[in-house]
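K.L.:
could you work out the structure for the sequence below:
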Amino acid sequence: MSDHVFSNARLVLPDEVIDGSLSTHNGRIAALAGGPSAVTGHDCEGDYLLPGLVELHTDHLETHYAPRPKVRWNPVSAVQAHDAQIACSGITTVFDALRVGMDDEADLKIGDMRRLADAIETGLSEERLRADHFIHLRCEVSSPDVMDAFASFDEDPRVRLISLMDHTPGQRQFTSLDAYRVYYQGKRGFNDEQMDAYIAKRQAQASEFTPQNRKTIAAIAAGRGIIV
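P.N.:
Modelled structure (predicted):
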């Protein structure tokens, strides 16, 4: 890698922001100094210069892969398009959120999630990507298929973060049933009777599956050193 000098920058440090310059060697910060630089280099013209950002949760990889209902783009191309947005936003490490545990009516299934995970690995191994990519596995603990879907990531070293999600009506994100009705009735186009049946089904599933699924996934994550 080439060495670089960035001068006339506002350097964002852990506990302060200073005006100064920064030099790199082999892609790493070699030195930084306050005040004007005697060494010529890239003039930042007073712009902020900061370390790469870390994004812990982004869902928009799915929208590149499935831009419209029933449409699927090449998964590696989708990852590259997603990576371009990430890198151009100053993000150098991203935890791509992939969901396991699907609703019956979900457009994307676990096979799609596995294809995207494999595409991330392909992009990295072929040096197609600019950011470092890891996987944030979003586990819907109330779903009947979450454990089977979770098992498809058993050997994936990219999984570094796990969320235990519960979109059951009356829980977590939707403690208000009125808010749940407004969101899902509009999204699904249900009438009142259909909405009542949908809520009852989701709550019954949660009672049956959530407690054990949450405990099992949390224990597996702890055993593998994965942050929950």
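
K.L.:
sketch out the strands for this structure, chain order is fine.
P.N.:
4-12, 17-25, 28-34, 42-43, 48-49, 53-58, 91-100, 132-140, 159-165 (DSSP state E).

K.L.:
wait, which of those strands is closest to residue 184?
P.N.:
strand 132-140 (14.6 Å; C-beta to C-beta). C-betas here are computed from N, CA, C, even on glycine.

K.L.:
elements contacting that closest one?
P.N.:
Other helices and strands packing on strand 132-140, by 3 or more C-beta pairs under 8 Å, 6 or more residues apart in numbering; DSSP states H and E, are strand 91-100, helix 110-125, helix 146-151, strand 159-165.

K.L.:
out of the ones you listed, which one sits most buried?
P.N.:
Across these, the average number of neighbours (mean count of other C-beta atoms under 10 Å) peaks for strand 91-100, which reaches a mean of 21.

K.L.:
would CSV of the strands of the chain with mean pLDDT and distance to residue 198 be doable?
P.N.:
As requested, these are arranged in CSV below (pLDDT from 0 to 100; distance: least, C-beta to C-beta, whole Å):
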stretch, mean pLDDT, distance to residue 198
strand 4-12, 91, 47
strand 17-25, 91, 51
strand 28-34, 87, 53
strand 42-43, 90, 57
strand 48-49, 91, 48
strand 53-58, 90, 26
strand 91-100, 94, 19
strand 132-140, 95, 15
strand 159-165, 94, 18
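
K.L.:
could you dump those into a markdown table with distance to residue 177 added?
P.N.:
Output for the strands of the chain, formatted as a markdown table (distance: least, C-beta to C-beta, whole Å):
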| stretch | distance to residue 177 |
| --- | --- |
| strand 4-12 | 44 |
| strand 17-25 | 46 |
| strand 28-34 | 52 |
| strand 42-43 | 56 |
| strand 48-49 | 45 |
| strand 53-58 | 26 |
| strand 91-100 | 23 |
| strand 132-140 | 19 |
| strand 159-165 | 18 |
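
K.L.:
redo the helices and strands packed on strand 132-140 as JSON lines? Include distance to residue 197.
P.N.:
Below are these laid out as JSON lines (distance: least, C-beta to C-beta, whole Å):
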{"stretch": "strand 91-100", "distance to residue 197": "24"}
{"stretch": "helix 110-125", "distance to residue 197": "25"}
{"stretch": "helix 146-151", "distance to residue 197": "22"}
{"stretch": "strand 159-165", "distance to residue 197": "22"}
